[in-house]
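K.L.:
Need a 3D model of the following:
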Amino acid sequence: MEYDLVRLFEHPFRLHRYIPSAIVTLGKPGVDRCSIELKSRKSAGDATIDDELVLRWDLAALRRHFADIDEEIANLRERDDDQAMRVELAAVVVAVAVMAQIEPETRFTRRSAPGTRHDYYLNGSRTEMIEIAGRWKGGLPGLFAMKREQSDLNPTLTKRWVSVTIMRAPRNRTEGLHS
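P.N.:
Purely as a prediction, here's the structure:
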């Protein structure tokens, strides 16, 4: 599976602003793609599907939509020490790419309230949402379970789940649970 980051311009929430964070977090200078191990399920009871997701970006194509992308990337690489924020924003980009494979018609349309950068409403509805958890290294089982518990307090929502662990070796990993 492949996902071109230029597709982030399709989302009403202006997710293209997250492209520099994704490139800096997932890529290296001179590299135009990142391979991600993907584990997904259509629903909680389904078997896990193992696959590979390749995020790719063409800076020349991105410049046509995002004139100062080179400066944004350089700024993040040289002057921004907020690794946690970059990982959160990269996790959102990965979640969009995962959803493009699982539910191609789904669009991220609104970020949810208080203090999160990783919970979004989908398809213009306040009853459909996605929970995204992103962490640098290690794993997410505890965090993901906690986020799910919080979200399950509101049973009226139709939810999707994506967790992203950024690892330089062996590979980046995404686990998607679609409920």
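K.L.:
Can you verify Ile132 is assigned to a strand?
P.N.:
Yes: assessed by DSSP: H, G, I helix; E, B strand; the rest coil, Ile132 belongs to a strand.
K.L.:
max-length helix in this protein?
P.N.:
Ranked by residue count, the top helix of the chain under DSSP state H comes out as helix 83-102.
K.L.:
Spell out the residue ranges of the strands in the chain.
P.N.:
Secondary structure of the chain (DSSP state E): strands located at 2-4, 33-41, 49-56, 108-111, 119-122, 128-136, 158-166, 172-178.
K.L.:
So which of those strands is nearest Asp82?
P.N.:
For Asp82, the closest of the strands of the chain is strand 128-136, at 11.6 Å, according to C-beta to C-beta. Every residue, glycine included, has its C-beta placed from N, CA and C.
K.L.:
Please tell me how far Phe66 sits from Val92.
P.N.:
According to C-beta to C-beta, to the nearest Å, Phe66 stands 16 Å off from Val92.
K.L.:
Looking at the two, which one has more neighbours?
P.N.:
Shown here are Phe66 and Val92; by other C-beta atoms under 10 Å, Val92 has more neighbours (27 against 19).
K.L.:
Next one: the more buried one from Leu122, what distance?
P.N.:
Computed with C-beta to C-beta, the distance linking Val92 and Leu122 is 13 Å.
K.L.:
Name the residues contacting each of these two.
P.N.:
Counting by C-beta atoms under 8 Å, 6 or more residues apart in numbering, the contacts common to Val92 and Leu122 are Phe108.
K.L.:
So Glu128 is in contact with Asp119, correct?
P.N.:
No: between Glu128 and Asp119 there is no contact under C-beta atoms under 8 Å: 11.8 Å.
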